[in-house]
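*Asks:* Provided below are the primary sequence and the corresponding predicted coordinates.
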Amino acid sequence: MVTELHTHGFHVAKLGNTPSEYEDAFTVDIEAGRFAIADGATESCFARQWAQLLTTGFLANPHCLAGTGRRKTRKIRISEWLAPLQSAWQKGIDWETLPWYAREKTRRGACATFLGLVLDNKPASSSGSARWQAIAIGDCVLFHIQDNQLKTAFPLTRSSDFGISPLLICSNEARNQAVVNEARVRKGEWYPSDLFVLCTDALAQWFLAQWEAGTKPWSVLSSLSSQEEFEKLVIQLCNEHSVRNDDMTAIVISTR
């Protein structure tokens, strides 16, 4: 029996910024069971375009999780996955129109954090469970909720884990040595009625802080039914100083 997946994607730019200044990205393919979010680093150039390439590229070709050759190391798989995306980013920039100082900064590459999730929605055993696997680079976080309890937080597990210098994946291949060596991969099993939530850093930190305080923040996010409701929630949280003001993105995946 194939389990149905139902997804809501939410996003909002940093309060005070215009929608065009939003530098996160998210992409969803329900039929393939593939989901990805990325958080473009504001201090780099053309980060929004890079974040979008990472998410769409993962859905189209998630070889960084499972390569076509078993002998390939994770380092090789990640490098092969990134190569066409880095090329596309380079080609997408109108270099001739950039002033010299912007050109020099852009040559260093755009950076982003990233999280990709693949759900196999066909039971892998008689118990009815199915498999999931995820890759994380930086501080976007995957939350797996089972029986209304937080079963997994990946790759960060506490609100205090967030810092100012997360691991970043770059459009400049020369700057990705740490990425290919330190990217985190996680696998697990899930059951019908489980919930998955993918969040960029600011929202993920709030999520974990709420959970540490004894509440169930997934209930708040899974109850949202529209982009407008998400925007109102973010404004409320910012006004309460419960979350820092930043671009915020979430993908909520319910199963049944």
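*Replies:* Done, it's in.
*Asks:* hey, where'd the helices end up in the stretch 51-200 of the chain?
*Replies:* Taking DSSP state H, counting those that start in this stretch, the helices of the stretch 51-200 of the chain run over residues 74-91, 100-107, 177-182.
*Asks:* Buried deepest among those, which one?
*Replies:* Mean neighbours per residue, mean count of other C-beta atoms under 10 Å, is largest over the helices of the stretch 51-200 of the chain for helix 74-91, with a mean of 17. Every C-beta, even on glycine, is put in place using the N, C-alpha and C of the backbone.
*Asks:* follow-up on the earlier one: in JSON lines, list the helices of the stretch 51-200 of the chain along with distance to residue 51 and mean pLDDT.
*Replies:* As requested, the helices of the stretch 51-200 of the chain are arranged in JSON lines below (distance: least, C-beta to C-beta, whole Å; pLDDT from 0 to 100):
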{"stretch": "helix 74-91", "distance to residue 51": "10", "mean pLDDT": "90"}
{"stretch": "helix 100-107", "distance to residue 51": "15", "mean pLDDT": "87"}
{"stretch": "helix 177-182", "distance to residue 51": "15", "mean pLDDT": "84"}
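*Asks:* So for residue 204, which of the ones you listed sits nearest?
*Replies:* Closest approach to residue 204 among the helices of the stretch 51-200 of the chain (C-beta to C-beta): helix 177-182, 18.4 Å.
*Asks:* Against which helices or strands is the closest one packed?
*Replies:* helix 74-91 (3 or more C-beta pairs under 8 Å, 6 or more residues apart in numbering; DSSP states H and E).
*Asks:* Residues touching the helix it packs on, excluding its own?
*Replies:* For helix 74-91, contacts defined as C-beta atoms under 8 Å, 6 or more residues apart in numbering pick out 46, 49-50, 53-54, 57-58, 61-67, 72, 109-110, 169, 171-173, 176, 179-181, 183, 185.
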